[in-house]
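Trainee: A structural model of the following input is requested.
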Amino acid sequence: MQNTSNLSYINSKKIINMKSEVLFREAEDDFFYFNKMNVALKKLEEAISLTPSHIKSLMLCADIYFMKGKVKKALSLYETAKLYGQKDARCFASIANCLYSLSNYEESISFVDKAIAILKNDDYSLYSQLIEIKINSLVELKKYKQAYITFIQAQNVIDSVSLKNIYNSNYELINEKLKLQKKLRQSNLKIV
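Mentor: Predicted coordinates for the structure are as follows:
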């Protein structure tokens, strides 16, 4: 006979209402197969209301909100998922992307670094997206030398196709800005 008076062995954060799982799976089908974004969103919101810690629903709901342009709502949901234990590279990358979209570049770089630190070696597509967010954030902060160093370091990991996309969008600008900064240092002129 089990002692039922001591419920300390139950982790209440891990208990999932089965209806939440069913709603998530239906929403997943609606979103991915039938292109019914709003229907999927309603089902996900209901799943979250039934089980606030249902990470899969939180993440997909946040993805949909981000796609709809509701970045602050998406960020809130990603951070809620992180609080409930979703501390993987995808979650950190999503937070970094939201922060970048909200022009919070310093914090975006911080989350990119967290995501890269726990990223699995075989996930090159996420790595290239993270590097692009980091480089773009550094360019927005006018930290061209760090952006250049990040680009050079990424050459060892990223495949040539992804690297070419990043190169086309940023490398010329970074190089131009670095040359301009070098000329300013050498000329001893000050910008007022």
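Trainee: do I have it right that K134 meets I149?
Mentor: No. Judged on C-beta atoms under 8 Å, K134 makes no contact with I149 at a distance of 10.6 Å. The way it works is simple: take the backbone N, C-alpha and C, and place the C-beta from them, glycine included.
Trainee: quick one: buried residues of stretch 147-155?
Mentor: Within stretch 147-155, the residues that count as buried by 16 or more other C-beta atoms under 10 Å are A147, Y148, T150, F151, A154.
Trainee: which other helices and strands does the helix or strand hosting the third one contact?
Mentor: T150 is located in helix 144-154, with elements delineated by DSSP states H and E. Applying 3 or more C-beta pairs under 8 Å, 6 or more residues apart in numbering; DSSP states H and E, we find helix 144-154 packed against helix 124-140, helix 160-166, helix 172-187.
Trainee: distance of C91 relative to N35?
Mentor: In this view, C91 and N35 are 25 Å apart by C-beta to C-beta, to the nearest Å.
Trainee: OK, contacts around the most centrally placed residue in the chain?
Mentor: The chain has S94 as the residue nearest its centroid, 1.7 Å off, counting by C-alpha atoms, centre = their mean. Applying C-beta atoms under 8 Å, 6 or more residues apart in numbering, one finds that S94 lies in contact with M59, A62, D63, F66, A74, Y78.
Trainee: switch those residues over to a markdown table; also include distance to L126 and secondary structure.
Mentor: Shown next, in a markdown table, are the contacts of S94 (distance: C-beta to C-beta, whole Å; DSSP: H, G, I helix; E, B strand; the rest coil):
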| residue | distance to L126 | secondary structure |
| --- | --- | --- |
| M59 | 14 | helix |
| A62 | 16 | helix |
| D63 | 14 | helix |
| F66 | 15 | helix |
| A74 | 17 | helix |
| Y78 | 15 | helix |
